[in-house]
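**Student:** I would like to see how this sequence folds:
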Amino acid sequence: MSRKMTRFESLLEAVPDALVGMDQKGVIRFVNRQTEWLFGYDRDDLVGKPIETLVPEYLWQIYIEHRKEYFLDPRTRSSGLDLQLTGRHRDGAELPLNISMSHIDTGDVLLVVTAVSDVTSQRRAVQDAQLIAAVVEFSDDAIVGTTLQGVVTSWNPAAERMYGYSAKEILGRSGRILAHPGRADQMYAVLARTAAGQVVEHLELNHVRKDGTVLRVSLTVAPIRDEDGVIVGSSAVARDVTEQRRAFEVAARMAAIVENSDDAIIGSTLDRIITSWNPAAERMFGYSSEEIVGKSAGLLTPQDRADESVTILARIGAGQHVEHLETTGVRKDRTLFPVSLTASPIRDPDGAIVGTSAIVRDMTQEMLHQQDIAERRAKELERLAELEASQRLSVGRELELKKQIEYLRRFRPAERSELSDER
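**Tutor:** Numbers count the residues shown, from 1 in each chain. This is a model prediction of the structure:
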């Protein structure tokens, strides 16, 4: 019996849980090293002692009831005892414990004792792992694991959708297949940083899909460590920002247009409260953005044009555009000037009209130019009339002269003949 028990005990040393063997009277027969660590006793201090040494007596009554039921028929292998109890450390501190019990061939009972803190940590670790797995599985971002040499080791469904490669096609291959031609050095530079323990955040670069199309991605890469903390690979989260980048570039171009436009570009709510005001509007109307934003756009139009403003807002609210409407603006100094107005609806992400965007062009110089053209045209017409009158006069004189010449030609020969006869 003694040799058999010793052999059995040697096997228990490799078990990660605290194991306590006791006979049917509740006397401790053996413990493993994990029990010593958990309770702070040497095994020689425990063997032969009652189990109450490790479990407070007031809770031990619960165990006794289950123990009696269990030993009535030990072949059932279960007493239904799987309790959370409070253990007692050698220094007197209480330990929340999970205890389960099973029958062993020696006729003794084996208690498997685990500190609740360990159980909680294990459960939390399992839950965290399940949560992480769910995040990876259902993420809209591509999540890719690689070795430090760049060989792909994991590939989530979003990566399949983003890049076009199935997991079967990509696992085991170098991640440089995703790199833009001639830029594989970027990947190796990132891997070098993660190998050094660094996290690379929000790095934007171009990747290539299976079909050869290029996409812009925002990449965050972190080291993967083993249980000993040694870095063994990298985990990359890639987000497709192609459309975002394109939208940003469009917005940047639009902002530059608004900023540098010679026309006033003014945003307002449907209640005519000014919300945006570009530099050209400052020059045109004389108000700084600090002075005018938040004020009524009625400051910019004459009072006798109020009905016109109502009509414009009604058209904007109906989703219509107003183009090249010739009207009148009012400067800060209350002087009036001619303008050409083009207005469009502003819509929110859901398509609802929330305001108006107006482009206002100062027509003062244009009108002066047109006036100048009209004046020059009038002068040209007046000069043309003078020339035509002069021409008519000249033509009349020429005709009269021709008549006189004809008359002379017709009658002068007869007069010369008469003079000859007289001689």
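**Student:** ok, residue 238 - how many residues close by?
**Tutor:** 23 (other CB atoms under 10 Å). The way it works is simple: take the backbone N, C-alpha and C, and place the C-beta from them, glycine included.
**Student:** likewise the one 10 residues further on?
**Tutor:** The burial count assigned to residue 248 is 11, neighbours taken as other CB under 10 Å.
**Student:** and it, that one's in a strand?
**Tutor:** No: with DSSP: H, G, I helix; E, B strand; the rest coil as the criterion, residue 248 is assigned helix and is not in a strand.
**Student:** what's the pLDDT at it?
**Tutor:** Among the per-residue scores, residue 248 shows a pLDDT of 77.
**Student:** longest single helix anywhere in this structure?
**Tutor:** helix 364-422 (DSSP state H).
**Student:** Remind me what that helix packs against, helices and strands.
**Tutor:** Judged by 3 or more CB pairs under 8 Å, 6 or more residues apart in numbering; DSSP states H and E, helix 364-422 is in contact with strand 336-347.
**Student:** Now the strand it packs on: buried residues?
**Tutor:** Burial within strand 336-347, assessed by neighbour count using 16 or more other CB atoms under 10 Å, is assigned to 338-341, 343-346.
**Student:** what bits of the stretch 101-250 of the chain have low per-residue confidence?
**Tutor:** The stretch 101-250 of the chain contains residues with pLDDT under 70 at 105-107, 115-133, 135.
**Student:** ok, which stretches of it are strands?
**Tutor:** With DSSP state E, counting those that start in this stretch, the ranges of strands along the stretch 101-250 of the chain come out as 109-115, 142-147, 152-155, 200-208, 214-225, 231-240.
**Student:** so which of those strands gets nearest residue 92?
**Tutor:** In terms of CB to CB, the element of the strands of the stretch 101-250 of the chain nearest to residue 92 is strand 109-115, at 16.3 Å.
**Student:** quick check, distance from stretch 232-247 to the centre of its chain.
**Tutor:** 10 Å (CA atoms, centre = their mean, to the nearest Å).
**Student:** got the end-to-end distance for that stretch?
**Tutor:** Taking CA to CA, to the nearest Å, the first and last residues of stretch 232-247 lie 38 Å apart.
**Student:** Please identify the buried residues of that stretch?
**Tutor:** 233-241.
**Student:** what does it contact?
**Tutor:** Stretch 232-247 has contacts (CB atoms under 8 Å, 6 or more residues apart in numbering) with 139-148, 153-154, 159, 162, 190-191, 194-195, 204, 207, 215-226.
**Student:** which of the residues in stretch 314-329 are buried?
**Tutor:** Applying a neighbour-count criterion of 16+ other CB under 10 Å, one finds 316, 322, 327-329 buried in stretch 314-329.
**Student:** do you know how far residue 180 is from residue 209?
**Tutor:** Residue 180 sits 11 Å away from residue 209, going by CB to CB, to the nearest Å.
**Student:** what do you get for residue 22?
**Tutor:** 65 Å.
**Student:** Between the two, point out the one with more neighbours.
**Tutor:** It is residue 22, of residue 22 and residue 209, that has more neighbours when counted by other CB under 10 Å, with 21 against 14.
**Student:** For residue 176, which non-adjacent residue is spatially closest?
**Tutor:** Leaving aside its sequence neighbours, residue 176 sits nearest to residue 184 (CB to CB, 6 or more residues apart in numbering; 4.4 Å).
**Student:** so residue 17 touches residue 112, yeah?
**Tutor:** Yes: look at residue 17 against residue 112 with CB atoms under 8 Å: they come within range, at 5.2 Å.
**Student:** Residue 266 pairs with what?
**Tutor:** residue 277, residue 358 (DSSP bridges).
**Student:** Just list the residues touching it, thanks.
**Tutor:** Per CB under 8 Å, 6+ apart, neighbours of residue 266: 274, 276-278, 281, 297, 300, 357-358, 360.
**Student:** Most neighbours among the residues you listed, which one?
**Tutor:** Highest count within these by other CB under 10 Å belongs to residue 300, 27 neighbours.
**Student:** so it makes contact with residue 285?
**Tutor:** Yes: with contacts counted by CB under 8 Å, residue 300 reaches residue 285, the gap being 6.0 Å.
**Student:** Which residues are in contact with each of these two?
**Tutor:** 329-330.
**Student:** looking at the strands of the stretch 101-250 of the chain, which is closest to residue 50?
**Tutor:** Minimum separation from residue 50 across the strands of the stretch 101-250 of the chain (CB to CB) falls at strand 109-115, 13.0 Å.
**Student:** and residue 40, how many neighbours?
**Tutor:** 15.
**Student:** Just give me the neighbour total for the closest residue to it other than its chain neighbours.
**Tutor:** For residue 40, ignoring the flanking residues on the chain, the nearest one in space by CB to CB, 6+ apart is residue 90 at 3.7 Å. Neighbourhood size, residue 90 [other CB under 10 Å]: 14.
**Student:** For the stretch 301-423 of the chain, give me the ranges with low pLDDT.
**Tutor:** Looking at the stretch 301-423 of the chain by pLDDT under 70, you get 411-423.
**Student:** let's go with 90 and repeat that
**Tutor:** Scanning the stretch 301-423 of the chain for pLDDT under 90 picks out the ranges 303-310, 313, 348-350, 365-423.
**Student:** what would the contacts of residue 266 look like in CSV with distance to residue 380?
**Tutor:** Formatted as CSV, these follow (distance: CB to CB, whole Å):
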residue, distance to residue 380
274, 45
276, 46
277, 43
278, 40
281, 38
297, 42
300, 38
357, 42
358, 38
360, 34
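**Student:** on that earlier part again, separate out the buried members of the contacts of stretch 232-247.
**Tutor:** 141-146, 153-154, 159, 162, 190-191, 194, 207, 215-219, 221-224.
**Student:** Next up, the contacts around residue 39.
**Tutor:** Per CB under 8 Å, 6+ apart, neighbours of residue 39: 18, 46, 54, 87-90, 95.
**Student:** Sort out which of those residues are buried, if you could.
**Tutor:** 18, 46, 54, 87-88, 95.
**Student:** residues contacting residue 202?
**Tutor:** 218-220.
**Student:** Out of these, flag the one nearest to residue 168.
**Tutor:** Closest to residue 168, out of all of those and judged by CB to CB, is residue 219, at 23.6 Å.
**Student:** who's that closest one bridged to?
**Tutor:** residue 203, residue 238.
**Student:** first to last residue in stretch 137-147, what's the distance?
**Tutor:** 20 Å.
**Student:** How far away from the center of its chain is it?
**Tutor:** Distance, centroid of stretch 137-147 to centroid of chain: 17 Å (CA atoms, centre = their mean).
**Student:** same deal with stretch 163-176?
**Tutor:** 25 Å.
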